[in-house]
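Asks: sequence and predicted model, in that order:
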Amino acid sequence: MPGELSPMKRQIADILDPGKTLTSSKMVSLSNLNTEEIEFLTKKWPDTDLQHRREIISQLAHLSEVDLKLNFSAVFILSLSDTDEEIRTQAAVGLEAEDNYLLLNPLLKALKVDTSVKVKSAVAVTLGKFALQGELGNIPSHYSEKVYRALLEVLNKTGEPIDVKRRALEAISPFSRTEVKDLIEAAYNTDDIKLKASAVFAMGRNCDLAWLPTLLIELNSDRAEMRYEAAGALGELGAEKAVPRLIDAVSDKDERIREAAIKALGEIGTETAKQALNRLVKSSEPTIRDAAESALREIQFCEDPLYSPP
């Protein structure tokens with residue numbers, strides 16, 4: 001009987017009740033569940049209305065993004081096995097906000113066995129965060145190697161959908177290995193424009209200045225998608241030589257590219273970049289002003305992490 005449940009289990013039951021309104025104050029109680037509470041949720045979850053499950057996962061994914069102190073990993077891991085593709089996708093997205101490498105095993109399993117392109121693509125994106133942490137030496141080397149091998153298997157697998165391969169390439173790109181550079185180069189030379197765009201994105205994440213000439217070429221591409229990815233990659237690369245070209249890109253006819261170029265200037269953060277951004281904050285175009293202000297705040301924070309904007 002509900003009256004026999006602990007206060008926390010009653011709260012979980014209330015959240016799972018489709019007749020009750022989902023509020024942020026209720027949802028945060030799903031953070032840091034203990035073993036008994038996870039078992040209770042696992043038992044009740046499959047019987048919960050589908051649309052209601054979707055709403056719960058969507059809200060949890062949003063909350064985990066805006067408040068890094070919250071930990072909904074138990075709910076997300078449970079949801080990676082849900083029968084619904086959308087819920088599994090949202091679970092993978094939600095796990096991107098978590099930094100516990102012990103979550104890798106269920107993610108790696110999902111990448112291997114899930115049959116949904118959408119889910120596998122989302123899982124690959126999340127694994128990209130762990131790939132970066134592995135390259136930086138922030139997680140044990142054997143976990144880093146498991147991530148690398150799993151993504152490499154996807155990229156080498158015949159018949160793997162292109163959308164999954166794209167995300168796997170982007171995810172594996174932080175690894176500074178010759179094999180990764182070869183994969184990026186091969187993808188860049190393909191006829192598939194989406195895979196080519198992912199290769200440009202990967203060049204930035206790979207953080208090798210050898211990619212700079214290629215990225216500068218793509219910043220003048222006839223294709224907006226390529227110019228957009230090149231601008232973002234140049235920011236990731238942090239190359240001072242790219243600043244004049246990025247300043248020119250602020251005049252691009254495509255708003256997304258203009259904003260990407262401004263963001264890249266903030267990421268590079270040289271004196272010339274700051275001077276350009278200080279001019280752009282006086283622009284008559286609101287989106288340009290806002291992007292320039294955000295980029296300047298990024299520079300200020302990098303120079304002084306204790307900085308608090310007025």
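Replies: Perfect, thanks for sending it.

Asks: buried sites along stretch 141-149?
Replies: When burial is assessed from 16 or more other CB atoms under 10 Å, stretch 141-149 yields the following buried residues: Y143, S144, K146, V147, Y148. Backbone N, C-alpha and C define where each C-beta goes, glycine included.

Asks: could I get those as CSV with distance to R256, secondary structure and pLDDT?
Replies: Listed next are the buried residues of stretch 141-149 as CSV, based on distance: CB to CB, whole Å; DSSP: H, G, I helix; E, B strand; the rest coil; pLDDT from 0 to 100:
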residue, distance to R256, secondary structure, pLDDT
Y143, 35, helix, 96
S144, 33, helix, 96
K146, 35, helix, 97
V147, 30, helix, 97
Y148, 31, helix, 98
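
Asks: domain ranges for the protein?
Replies: Under automatic domain parsing, the residue ranges defining each domain of the chain are 1-86, 99-206, 219-310.

Asks: give me the element A261 is part of.
Replies: helix 255-268 (DSSP states H and E).

Asks: CA atoms only: put that helix into CSV for me.
Replies: In CSV, the C-alpha atoms belonging to helix 255-268 read as follows (Å, rounded to 0.1, in the frame of the first residue of the first chain):
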residue,chain,number,x,y,z
GLU,A,255,23.6,34.3,-39.3
ARG,A,256,24.8,31.0,-37.8
ILE,A,257,28.2,31.4,-39.4
ARG,A,258,28.5,35.0,-38.1
GLU,A,259,27.8,33.9,-34.6
ALA,A,260,30.1,30.9,-34.9
ALA,A,261,32.9,33.2,-36.0
ILE,A,262,32.3,35.5,-33.1
LYS,A,263,32.3,32.6,-30.7
ALA,A,264,35.6,31.4,-32.2
LEU,A,265,37.2,34.8,-31.7
GLY,A,266,36.3,34.6,-28.0
GLU,A,267,37.8,31.1,-27.8
ILE,A,268,41.1,32.3,-29.4
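
Asks: tell me how far the next helix or strand after it is from the chain's mean position?
Replies: Following the chain from helix 255-268 toward its C-terminal end, the next helix or strand by DSSP H and E is helix 271-280. Computed by CA atoms, centre = their mean, to the nearest Å, the separation of helix 271-280 from the middle of its chain amounts to 28 Å.

Asks: ok, stretch 95-112 next?
Replies: Using CA atoms, centre = their mean, we find the averaged C-alpha position of stretch 95-112 to lie 13 Å away from the chain's own average C-alpha position.

Asks: span of it from start to end?
Replies: Distance between the two ends of stretch 95-112: 17 Å, counting by CA to CA, to the nearest Å.

Asks: how about it: buried residues?
Replies: Residues of stretch 95-112 classed as buried under the neighbour-count rule (16+ other CB under 10 Å) are L95, E96, A97, E98, Y101, L103, L104, P106, L107, L108, A110, L111.

Asks: same check, this time on stretch 44-60
Replies: With the criterion 16+ other CB under 10 Å, stretch 44-60 contains buried residues W45, T48, H52, R53, R54, I56, I57, S58, Q59, L60.

Asks: in TSV: the buried residues of stretch 141-149, plus distance to S31.
Replies: As requested, the buried residues of stretch 141-149 are arranged in TSV below (distance: CB to CB, whole Å):
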residue	distance to S31
Y143	24
S144	27
K146	27
V147	25
Y148	31
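
Asks: and of the residues you listed, the nearest to K181?
Replies: Using CB to CB, Y148 is the member of these that sits closest to K181, with 13.6 Å.

Asks: any figure for the gap between that closest one and K282?
Replies: When distances are taken as CB to CB, to the nearest Å, Y148 and K282 turn out to be 46 Å apart.

Asks: same deal with A124?
Replies: Separation of A124 from K282 (CB to CB) stands at 41 Å.

Asks: compare those two (neighbour count), which wins?
Replies: A side-by-side neighbour count of A124 and K282, using other CB atoms under 10 Å, places A124 first with 28 against 9.

Asks: quick one: residues contacting the more buried one.
Replies: Residues counted as contacts of A124 (CB atoms under 8 Å, 6 or more residues apart in numbering) are L111, L151, V154, V164, R167, A168, E170, A171.
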